[in-house]
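Asks: Sequence below, structure please.
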Amino acid sequence: MAEPAGISSLTLNRLSVYLRCLRQLQDSGVTHVSSSQLAQQFDLSAPLIRKDLAQFGEFGIRGTGYRVDDLVESLIKVLGLDRAHNLAVVGMGSLGSALARYLSVNDKPFRIVAAFDVDGRKVGHKIGHLTIHHSREIREIIPQTGAQIAVLSVPESAAQSCYDDLADCGIKAVLNFAPAQLKQAPSVRTKSVDFQINLEELAYFLSC
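Replies: Residues are numbered from 1 along each chain as shown. Modelled structure (predicted):
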């Protein structure tokens, strides 16, 4: 799936960082901040902050900087966090269960509406308010929930078939924690988080 309106994933990642930093300033009672102040306090780049924000409109006032509350509200809208997003979690092992519990408590825009696993000891049991369904029911259950985002946390051997089921039943975005190189559907925004690759990168720098 193409980048939205020419905006790169790196830019969107930085917007999320800016939003997190601005929320910290809100909690501290800060009402106005300049890009230089924001950069200095959180070890960011002031020119890059200005460049990133300029892609989405004019937010600051010359000589005054940004009004923190207004910029927070604007970034929430830009990132689509001003509306609810229904999520499904496939793979209720340690990672999947922890993510489901975390998201249900901490991230209000994201609502877990379905959970799946192949383990008969888990299927039919509840995690929070959710009943865990068998993964073979993905195509049946997902359309009933309105989920558009899925978290995939399954073994490598099951990753592609689960991904295909999710893509075929209306899921529009997948966050993949499975250690697999997926054949991606053009209609599904897919982002993979591979702990092994990240650890190997760190190992390389430690060996230099």
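
Asks: okay, CA-based contacts and neighbour counts for the rest of this
Replies: OK.

Asks: Would you map out the domains in the chain?
Replies: 4-78, 85-197 (automatic domain parsing).

Asks: Please produce JSON lines containing those domains, extended by distance to residue 207, mean pLDDT and mean neighbour count.
Replies: Converted to JSON lines, those look like this (distance: least, C-alpha to C-alpha, whole Å; pLDDT from 0 to 100; neighbours: other C-alpha atoms under 10 Å):
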{"stretch": "domain 4-78", "distance to residue 207": "26", "mean pLDDT": "91", "mean neighbour count": "14"}
{"stretch": "domain 85-197", "distance to residue 207": "15", "mean pLDDT": "93", "mean neighbour count": "18"}
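
Asks: Can you add distance to residue 203 and give those back as TSV?
Replies: Output for the domains of the chain, formatted as TSV (distance: least, C-alpha to C-alpha, whole Å):
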stretch	distance to residue 203
domain 4-78	23
domain 85-197	10
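
Asks: of the ones you listed, which approaches residue 204 most closely?
Replies: domain 85-197 (10.6 Å; C-alpha to C-alpha).

Asks: where does residue 202 land in three-state SS?
Replies: Of the three states, residue 202 takes helix under DSSP: H, G, I helix; E, B strand; the rest coil.

Asks: how much space is there between residue 177 and residue 158?
Replies: For residue 177, the distance to residue 158 (C-alpha to C-alpha, to the nearest Å) stands at 12 Å.

Asks: Report the distance from the lengthiest strand in the chain to the chain centre.
Replies: Assignment by DSSP state E gives strand 110-117 as the longest strand of the chain. Distance of strand 110-117 from the chain centroid (C-alpha atoms, centre = their mean, to the nearest Å) equals 14 Å.

Asks: Quick check: can you name the pairing partners of the following helix or strand past it and their directions?
Replies: For strand 110-117, the following helix or strand on the C-terminal side (DSSP states H and E) is strand 126-127. Strand 126-127 pairs in its sheet with strand 130-134 (antiparallel), by DSSP bridges.

Asks: who's in contact with the partner strand?
Replies: Under the contact criterion C-alpha atoms under 8 Å, 6 or more residues apart in numbering, strand 130-134 has outside partners 113-120, 122-126.

Asks: swap the cut-off to 10 Å and go again
Replies: Residues outside strand 130-134 that contact it (C-alpha atoms under 10 Å, 6 or more residues apart in numbering): 89-92, 100, 112-120, 122-126, 141.

Asks: Can you list the residue ranges for strands in this protein?
Replies: Taking DSSP E as the test, the strands found in the chain are 32-33, 66-67, 85-90, 110-117, 126-127, 130-134, 149-152, 173-176, 189-192.

Asks: Can you say which of the ones you listed is nearest to residue 57?
Replies: Comparing these by C-alpha to C-alpha, strand 66-67 comes nearest, at 12.5 Å.

Asks: Please name the strands paired to the closest one in the sheet, noting orientation.
Replies: Neighbouring strands of strand 66-67 in its sheet, by DSSP bridges, are strand 32-33 (antiparallel).
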